[in-house]
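# quick one: sequence plus predicted model below, questions after.
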Amino acid sequence: MSDVLTIQQASEQCGVNPVTLRAWERRYGLLKPERTAKGHRRYRSAEVDQIRRIVHWVEKGVPISQVASLLSGEQEPLLSADNGVPWAQASQDALLALETMNGRRLEQLLNSLLADYSHAQVIRELSDPLREQLAGSPSLSAHLALLEAVLTQKWAARSLSLSPKRREFGWLLVPVGDVLPALELAMVLQRPLWCLQRDVDVDALSALLADRQPCGVLWVIDRWPTAGQRQRLWPQQNQPWPVACWGRLLEAPPASVTRLTGDRQAVAEQLLALEGDRDVL
């Protein structure tokens, strides 16, 4: 790791949105990055370690407002049911917004949470259980549809800012079925990537990526493709770029496609391994 990181580099290494890093600094005094002559933040290894300690506590359910005293050793962690706040309250607020068809209020709620917590935690603690709750009741199918529409628009807008720079390695996420699982994965990865809104033929992908190296392709399977779709979507022979798939797989993919397993965080770690192996693919 470089001795000094920009806020974007620190964000990518720690999996925390730059907006959240700024909030932890300004609102809670948890971070004190150095500044360049032009005012740009710079993070040394000690500050990066501090970010990871903060992530450790919030991932355990400690409210961000209590993290400062834990880091200073002033109090012992109280991992009780109360630590479900703000998620329990956020879930109630989200349900109220859905009942009144107030998409703007729901987006404001997401923005408020994202100011203090990572995308990964907001998805895991709020939207995942909320979607599961709504999916369990046919009478709430309209609520679920509205929630997914807001989430899709929100995450799609964010994913645009993750586009790789020229000659920077990036993953191309290709959804098969609903695009939302691919966008949610993009939010957890928080790394250089593109996320398509629908699937495309492998021949079209090959043409698109012919002059764009280095890169990799990840199919995010939300609905198992038909035999015809599999024939046109998946390469039957090795490609000059890493190729992987993840999601609802009913059978093994072709030998040319690496199958990823586990949750979103596990996928992130497996993609890093594939990037490291790309020179030998």
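Arrived safely.
# which residues of the stretch 51-200 of the chain score low on pLDDT?
74-85 (pLDDT under 70).
# 90 instead, please
55-86, 114-118, 120-121, 161, 164-169, 189-192 (pLDDT under 90).
# would you list every one of the helices in it?
67-71, 87-99, 103-114, 119-122, 128-135, 141-160, 180-189 (DSSP state H, counting those that start in this stretch).
# other SSEs contacting the third one?
The one in question is helix 103-114. helix 87-99, helix 119-122, helix 141-160 (3 or more Cβ pairs under 8 Å, 6 or more residues apart in numbering; DSSP states H and E). C-betas here are computed from N, CA, C, even on glycine.
# just the ones you listed: most buried one?
Among those, helix 119-122 has the highest mean neighbour count (mean count of other Cβ atoms under 10 Å), at a mean of 22.
# helices or strands next to that helix in the packing?
Against helix 119-122 (3+ Cβ pairs under 8 Å, 6+ apart) you get helix 103-114, helix 180-189.
# and among these, the most buried is which?
helix 180-189 (a mean of 23).
# now that one and helix 141-160, what's the angle there?
Helix 180-189 runs at 50 degrees relative to helix 141-160, counting by axes from the mean of the first three to the mean of the last three Cα atoms, to 10 degrees.
# now do helix 180-189 and helix 103-114, the angle between them.
Using the same axes, to 10 degrees: helix 180-189 against helix 103-114 is 30 degrees.
# tabulate the CA atom coordinates of helix 180-189 in PDB.
Extracted C-alpha coordinates of helix 180-189, given in PDB (Å, rounded to 0.1, in the frame of the first residue of the first chain):
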ATOM      1  CA  LEU A 180     -31.000  -4.800  -9.100                       C
ATOM      2  CA  PRO A 181     -28.800  -7.700  -7.800                       C
ATOM      3  CA  ALA A 182     -26.000  -6.500 -10.100                       C
ATOM      4  CA  LEU A 183     -26.300  -2.900  -8.900                       C
ATOM      5  CA  GLU A 184     -26.300  -4.000  -5.300                       C
ATOM      6  CA  LEU A 185     -23.200  -6.000  -5.900                       C
ATOM      7  CA  ALA A 186     -21.600  -2.900  -7.500                       C
ATOM      8  CA  MET A 187     -22.500  -0.900  -4.400                       C
ATOM      9  CA  VAL A 188     -20.700  -3.500  -2.200                       C
ATOM     10  CA  LEU A 189     -17.700  -3.700  -4.500                       C
END
